[in-house]
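# pasting the sequence and the predicted model now:
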Amino acid sequence: MRIDRIVLHRVRLPLVRPFRTSFGTETARDLVLVEAVGSDGRSGWGECVAMDWPGYSPEYTDGAIDVIERFLLPRLAGIDDATDPVEIRDRMAPVLGHPMARAAVETALLDLWLRHRDQSLADYLGAVADRVDCGVSVGIPTSESIADLLDEVAGYVAGGYRRIKLKIEPGWDLAPVAAVRGRWPTVPLQVDANQAFQRSDGPLLAGLDDFDLLLIEQPLPEDDLYGHVLLAEQVRTPICLDESILSVASTESALSLGAASIINIKPGRVGGYLTSKEIHDLCQERGAPVWCGGMLETGIGRAANLALAALPGFTLPGDTSASDRYYAQDLTEPFVLEDGRLPVPTGPGIGVDPIPEVLAGVTTWRRELALPR
Ligand code: NPG
């Protein structure tokens, strides 16, 4: 069977509430979906998690579209539905950087390949669970009011989330954490700084040790592994890395140097689910817990993340929240929290499809591309 065409769908979905982090405020998700259409008319889907501006990482949606069209698809000449996903990854590997663009193309083709084999992504990756524990990431309130933060967290705790993650930045650090810990003395709690602190902030961040946190995520800039080593010597709370983790090699460096003891795996950031599994396997060998990060995915990306999060090394709840935490209307059938967990899709491939009318309603741009023969 041939791969008939690749369709890029750019969509814009309003968020149910603004999401403020140390690098900016998102009010809507503007992203590109990759659809791989087989000659039998079936489709595989991949969500490109790049944001519309380079605030979290250097990638952004327009850039991802450009690199997919001009550099990634031309490398896939002659592939068909029998081409192993590992070969697809390896063919795109000479294009440096742009892991989110590569991951989206790889996932669409992997999804189609699995659908033709009637195998779920969870099964292919080696999942051992049929549901996964879910956490939720709580932004900095745009009001900067601790009362508003407590209200938002109260809703999530009542909804059953199994872990709360608070976004922090200089000036929004110990006080909000103290307030949440004071009100919920036993809820599993962690913080995420998205690179906002400096090496000299060790004593300040050591103040977080009083709040029994699971981890401090990415306190320092992504290229400062040594800074994280120094920080890990000053704080008792485990350091977890997100933005610094781009590959198996950077994971091994971080663990071996002592820059981190816990790893956030985001498939987009590392170039796809195959590499995510390899990072998971390395962390398991090293005894380092991992959890699945989130990029405000629609149901398409969420479905695939749930398959990954069902692997045995994912021992901490991830940022795999229910659809209604993000969107009034998700692109797929909504993911609904049940007792703080989401079910791992069991259908072939990622196990979900966009709802055609919903997709049509949020599509702002669409382009059909042929794969070179
Ligand atoms: O639940 O998907 C989610 C959001 C989790 O906090 C979250 N994501 O830094 O990890 C992050 C942050 C993020 C979101 C980063 C969107 C970039 C874009």
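Looks like it arrived, so ask away.
# where does whichever residue of the chain sits closest to the ligand fall, phi/psi-wise?
Using Cβ to the nearest ligand atom, the closest approach of the chain to the ligand is made by Gly294 at 2.4 Å. Quick note: C-beta positions are derived from backbone N, CA and C, even for glycine. Here is the backbone geometry of Gly294 (degrees, to the nearest 10): phi -130, psi 150.
# for it, give me its contacts.
Applying Cβ atoms under 8 Å, 6 or more residues apart in numbering to Gly294 gives the contacts 137, 266, 302, 305, 318-321.
# okay if I get those residues as TSV plus distance to Thr186?
Converted to TSV, those look like this (distance: Cβ to Cβ, whole Å):
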residue	distance to Thr186
Ser137	20
Lys266	28
Arg302	28
Asn305	27
Gly318	20
Asp319	21
Thr320	22
Ser321	20
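# most neighbours of all these, which one?
For the contacts of Gly294, neighbours were counted using other Cβ atoms under 10 Å, and Asn305 has the most, 31 neighbours in all.
# wait, isn't it in contact with Gly318?
Yes - between Asn305 and Gly318 a contact is recorded at 7.2 Å, counting by Cβ atoms under 8 Å.
# need the residues touching each of these two.
292, 294.
# show me which residues of the stretch 251-373 of the chain sit near the ligand.
293-297, 319, 321 (Cβ under 6 Å from any ligand atom).
# same thing but 8 Å
264, 266, 293-297, 319-321, 325-326 (Cβ under 8 Å from any ligand atom).
# now intersect these with the strands, please.
Asn264 (DSSP state E).
# domains for the protein, by residue range?
3-118+356-369, 122-343 (automatic domain parsing).
# now the shortest one: mean pLDDT?
By that I understand domain 3-118+356-369. For domain 3-118+356-369, mean pLDDT rounds to 97.
# and it, how far apart are its ends?
Its start and end residues considered, domain 3-118+356-369 measures 11 Å (Cα to Cα, to the nearest Å).
# now it: how far from the chain's centre is it?
14 Å (Cα atoms, centre = their mean, to the nearest Å).
# in contact with the spatially closest residue to Thr332 that is not a sequence neighbour, which residues?
Excluding its sequence neighbours, the residue lying closest to Thr332 (Cβ to Cβ, 6 or more residues apart in numbering) is Gly299, at 2.9 Å. Gly299 makes contact with 323, 330-335, 352, 354, according to Cβ under 8 Å, 6+ apart.
# give me the buried subset of those.
323, 330-332, 335, 352, 354 (16 or more other Cβ atoms under 10 Å).
# okay if I get these as CSV plus secondary structure?
Converted to CSV, the buried ones among the contacts of Gly299 look like this (DSSP: H, G, I helix; E, B strand; the rest coil):
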residue, secondary structure
Ser323, helix
Asp330, coil
Leu331, coil
Thr332, coil
Phe335, coil
Val352, coil
Pro354, coil
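# can you name the two of those that are farthest apart?
Phe335 and Pro354 (13.6 Å; Cβ to Cβ).
# name the helix or strand for Arg269, please.
In the assignment (DSSP states H and E), Arg269 maps to helix 267-270.
# and that helix, average pLDDT?
On average, helix 267-270 scores 98.
# chain center to it, what's the gap?
On Cα atoms, centre = their mean, the centre of helix 267-270 falls 7 Å from the chain's centre.
# same question, stretch 131-141
With Cα atoms, centre = their mean, you get 12 Å for stretch 131-141.
# any buried residues in it, and which?
So stretch 131-141, judged by 16+ other Cβ under 10 Å, has buried residues 132-141.
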